[in-house]
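Peer 1: coordinates for the following, if possible.
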Amino acid sequence: MTNYIEISERSGKTVANRKRWQPYLLLGLATNIVFWVLAFLYLKITPPTYSSQSAINLPGVGSNADVNLPGIGQASYENSSPYSSSSSQDPRENYKFIAESEPVLKAAAAQLNMSLGEFGSPRLKVVDNTTIMTVEFKGASPEEAKNKSLAFYKALETRLNQLRFQEAVRRDAGFQVALNSSQKKLQHAQTKLSDYKARSGLNSEEQIKDLTNNIEQLRRQRAEIIAQQQQASSRLKQLSANLKLSAGQATDAFALQTDQIFQQNLKNYSESSAALTVLESKFLPNHPTVVAEKAKRDAVESALLARSQSILGRSVSLSSLRQLNLNNTNSGTASRETLFQELITVQVDQKGLTTQAQAINQQIVQLENRLKKLAQQESNLDALKRDMQVAEAVFSSTLARLDLGKSNAFGSYPLIQVIAEPSLSDSPTAPKKAYVYLGAAAGSVFSTIGITLLWLRDRKRYNSDVIRSKTKVVER
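Peer 2: Okay, here's the model as predicted:
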């Protein structure tokens with residue numbers, strides 16, 4: 001009887017265990033079937049996705065330019081490399097932000113007649129330790145993905161040009177304000193300089209140099225004239241000493257010589273004196289012939305003295321007239337006349353040189369006074385010139401910087417370079433069958449392991465309950 005009971009308990013336990021693991025087996029099969037059916041459905045339903053990859057380069061080389069303005073100043077321009085900053089700023093992140101901005105994506109989508117959702121967003125990746133950034137677009141076909149990339153680059157370039165234009169307008173506006181201000185200052189400085197030149201009569205430093213040279217030249221000329229004057233004075237003294245008469249007396253002699261009446265009276269006086277001398281040698285002084293001739297000589301003498309006084313404007317004695325007579329027989333008439341002429345010429349030259357020296361002295365005094373006045377005005381002229389040069393340098397430098405700034409159209413937004421054209425994919429990038437199969441297999445494995453663990457736990461609990469039941473029966 002006891003054996004029968006044991007056999008019945010063992011067979012009941014086996015049947016109970018079979019009933020407990022069958023649900024878990026069915027659950028495991030159902031779970032695995034679901035995973036694989038979903039995987040096959042995903043591969044079947046999900047449309048293929050193609051990608052187009054490209055890459056752009058952001059230049060990192062800085063540039064600079066210097067403009068030398070002879071006599072004015074220097075203007076310089078420098079566009080430093082955006083990568084030379086020691087801060088953590090990366091210009092590629094700026095471009096990445098612009099590329100992912102809504103205006104760029106909307107403009108690119110509009111080119112392909114797509115909505116922003118259909119167009120999607122690019123996948124941008126900055127390559128470390130380079131100036132390169134990769135761009136990836138996805139599409140339903142290889143051509144669509146490539147067209148998205150091309151439209152994206154066109155929209156990005158358009159947006160960058162807009163930003164560059166806006167920056168140039170603001171920069172030019174700032175430069176224009178500075179340029180207008182410097183131009184007004186330059187015009188004001190030029191007006192002040194012109195007005196001062198008109199008032200003072202001083203136009204340049206060359207004018208003072210020319211005036212100084214003229215004064216020095218006049219001084220040298222005065223020295224030469226004074227030397228000639230001294231030489232003429234010495235010659236005049238020598239001739240006066242040799243002839244024993246002055247230059248005025250020589251002039252009187254020439255005046256008497258040129259008068260015909262005086263010369264006739266002088267001839268008559270000479271003849272009468274000669275006749276009287278002959279008569280006195282023959283007759284006594286009281287002889288009538290001598291007396292008559294003496295009376296004739298005295299009359300001629302009176303006429304001679306009266307005529308000489310009329311010519312010279314002063315009374316002259318007979319001894320003076322003899323001295324002034326150019327026809328003096330004591331010396332050659334020609335040589336005496338020549339000496340008289342030379343005496344007069346030397347005197348005229350001496351007076352002319354004296355007058356010329358006085359005129360030059362007056363000119364020198366006038367020019368020296370003008371030089372002193374101009375020298376005092378020169379400091380003011382130099383100050384006005386410096387002001388004008390400074391204003392001109394500022395204006396020219398500002399204008400040069402404005403021109404250089406216009407030539408730098410890529411200041412804050414350097415020109416991008418597409419170093420890898422958008423690719424045309426041969427195979428879809430999604431869905432990946434290998435990844436789907438791997439995921440389904442992983443799901444099957446994990447679900448099977450989980451169900452198995454649940455079955456083992458349930459079996460362990462059941463065995464524990466059976467043991468406790470037997471223990472209670474034995475105790476009874």
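Peer 1: need phi/psi at Gln417.
Peer 2: phi -130, psi 120 (degrees, to the nearest 10).
Peer 1: okay, and Ser469 sits in which element?
Peer 2: Assessed by DSSP states H and E, Ser469 sits inside helix 433-475.
Peer 1: so how far is that helix off the chain centroid?
Peer 2: Centroid separation for helix 433-475 versus its chain: 89 Å, with CA atoms, centre = their mean, to the nearest Å.
Peer 1: tell me what that helix is packed against?
Peer 2: For helix 433-475, the packing partners by 3 or more CB pairs under 8 Å, 6 or more residues apart in numbering; DSSP states H and E come out as helix 2-45. Where C-beta positions appear, they are placed from N, C-alpha and C, glycine not excepted.
Peer 1: for the stretch 151-300 of the chain, what are the low-confidence residue spans?
Peer 2: Along the stretch 151-300 of the chain, the parts satisfying pLDDT under 70 run over 203, 236, 238-259.
Peer 1: can you map out the helices along it?
Peer 2: 205-243, 247-257, 260-282, 288-312 (DSSP state H, counting those that start in this stretch).
Peer 1: of all those helices, which one comes closest to Asp403?
Peer 2: Taking CB to CB, helix 205-243 is the member of those nearest to Asp403, at 32.5 Å.
Peer 1: so what does the closest one touch, helix or strand wise?
Peer 2: helix 247-257, helix 333-407.
Peer 1: tilt between that helix and helix 333-407?
Peer 2: 170 degrees (axes from the mean of the first three to the mean of the last three CA atoms, to 10 degrees).
Peer 1: check contacts around Pro428.
Peer 2: Pro428 makes contact with 48-50, according to CB atoms under 8 Å, 6 or more residues apart in numbering.
Peer 1: would you turn these into JSON lines with pLDDT and neighbour count?
Peer 2: What follows is the contacts of Pro428, written out as JSON lines (pLDDT from 0 to 100; neighbours: other CB atoms under 10 Å):
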{"residue": "Pro48", "pLDDT": "76", "neighbour count": "13"}
{"residue": "Thr49", "pLDDT": "79", "neighbour count": "17"}
{"residue": "Tyr50", "pLDDT": "84", "neighbour count": "22"}
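Peer 1: looking at the residues you listed, which are in strands?
Peer 2: Counting by DSSP state E, those place Tyr50 in strands.
Peer 1: ok, the contacts of Pro428 vs Asp172, which is closest?
Peer 2: Using CB to CB, the contacts of Pro428 come closest to Asp172 at Tyr50, 45.4 Å.
Peer 1: that closest one against Asn147, yeah?
Peer 2: No. The pair Tyr50 / Asn147 is not scored as a contact, 11.3 Å apart, by CB atoms under 8 Å.
Peer 1: shared neighbours of these two, anything?
Peer 2: The contact lists of Tyr50 and Asn147 share Gly139, where a contact means CB under 8 Å, 6+ apart.
Peer 1: I'd like the distance between Gln376 and Ser194.
Peer 2: 20 Å (CB to CB, to the nearest Å).
Peer 1: Ala55 belongs to a strand?
Peer 2: Yes. Assessed with DSSP: H, G, I helix; E, B strand; the rest coil, Ala55 lies in a strand.
Peer 1: burial count for the closest residue to it other than its chain neighbours?
Peer 2: Using CB to CB, 6 or more residues apart in numbering and skipping residues adjacent in sequence, the residue nearest Ala55 is Ala420, 3.9 Å away. Residues near Ala420, counting by other CB atoms under 10 Å, number 13.
Peer 1: now do Ser51
Peer 2: Counted with other CB under 10 Å, Ser51 comes out at 20.
Peer 1: ok, it - contacts?
Peer 2: 136-139, 145, 425, 429.
Peer 1: all set now, cheers.
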